[in-house]
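[1] Generate coordinates for the sequence data below:
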Amino acid sequence: MPKHRQSKKPPPDGWDLIEETIEELDMKMREAEQEPTDGKRKCEAVWPIFRIHHQKSRYLYDLYYRRKAISRELYEWCVKEGHADKNLIAKWRKNGYENLCCLGCIQTRDTHHGTTCVCRVPRSQLSEDKTVECITCGCRGCSGN
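    Predicted coordinates:
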């Protein structure tokens with residue numbers, strides 16, 4: 001999750017329509033980063049940051065790909081400025097990854113058994129009494145079914 005760049009180039013047309021929402025999410029991100037981690041597990045401390053990052057990327061994805069409410073130029077500028085994660089959005093466009101929570105959940109090299117995260121297992125294949133919670137981002141199931 002890169003820090004936002006301040007380019008010398010002014011924002012494209014349409015920025016004023018989404019600026020308020022982006023700024024609001026940036027404020028939430030700053031609050032989440034400064035939130036005390038007392039009493040939380042090490043991994044739980046970053047979950048709010050992952051959720052806000054996901055929310056911001058999903059917001060821009062929906063505006064550009066689903067509602068077609070912003071221009072390509074504005075979308076690419078937002079990605080370049082670090083307002084959205086282009087790799088996560090690229091996965092959302094692929095079949096089977098529409099609800100992916102974070103890229104860490106599909107990277108097999110970061111797990112003990114060389115498989116994807118437990119949140120990628122469909123709910124129908126898990127026992128009903130078992131609560132699924134991802135260690136990486138706190139997701140409770142992003143596989144779809």
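[2] The host helix or strand of residue 90: which residues count as buried?
    Here residue 90 sits within helix 86-92, counting by DSSP states H and E. Under the neighbour-count criterion of 16 or more other Cβ atoms under 10 Å, helix 86-92 has 88, 89, 91, 92 buried. Quick note: C-beta positions are derived from backbone N, CA and C, even for glycine.
[3] Residue 76: what secondary structure?
    For residue 76, the secondary-structure state derived from DSSP: H, G, I helix; E, B strand; the rest coil is helix.
[4] Distance check, it against residue 93.
    Note on residue 76: its distance to residue 93, by Cβ to Cβ, to the nearest Å, is 15 Å.
[5] Out of these two, name the residue with the larger neighbour count.
    residue 76 (14 against 10; other Cβ atoms under 10 Å).
[6] Excluding its own residues, what touches the helix or strand hosting residue 48? List them.
    Secondary-structure element containing residue 48, defined by DSSP H and E: helix 47-61. Under the criterion Cβ atoms under 8 Å, 6 or more residues apart in numbering, residues 1, 18, 21-22, 25, 28-29, 32-33, 35, 70, 75, 78-79, 83-85, 88-89, 92, 101-102, 136-138 lie in contact with helix 47-61.
[7] do the same with stretch 25-34
    4, 48, 49, 52, 53, 55, 56, 59.
[8] quick one: buried residues of stretch 100-118?
    Along stretch 100-118, these residues count as buried under the neighbour rule (16+ other Cβ under 10 Å): 100, 101, 102, 103, 104, 105, 106, 116, 117, 118.
[9] tell me which of these is nearest to residue 64?
    Nearest to residue 64 among these is residue 100, at 17.1 Å by Cβ to Cβ.
[10] What residues does the nearest residue to residue 19 once chain neighbours are set aside make contact with?
    Closest residue to residue 19 apart from its sequence neighbours, by Cβ to Cβ, 6 or more residues apart in numbering: residue 11 at 7.8 Å. Contacts of residue 11 were listed using Cβ under 8 Å, 6+ apart, and they are 19, 74, 77.
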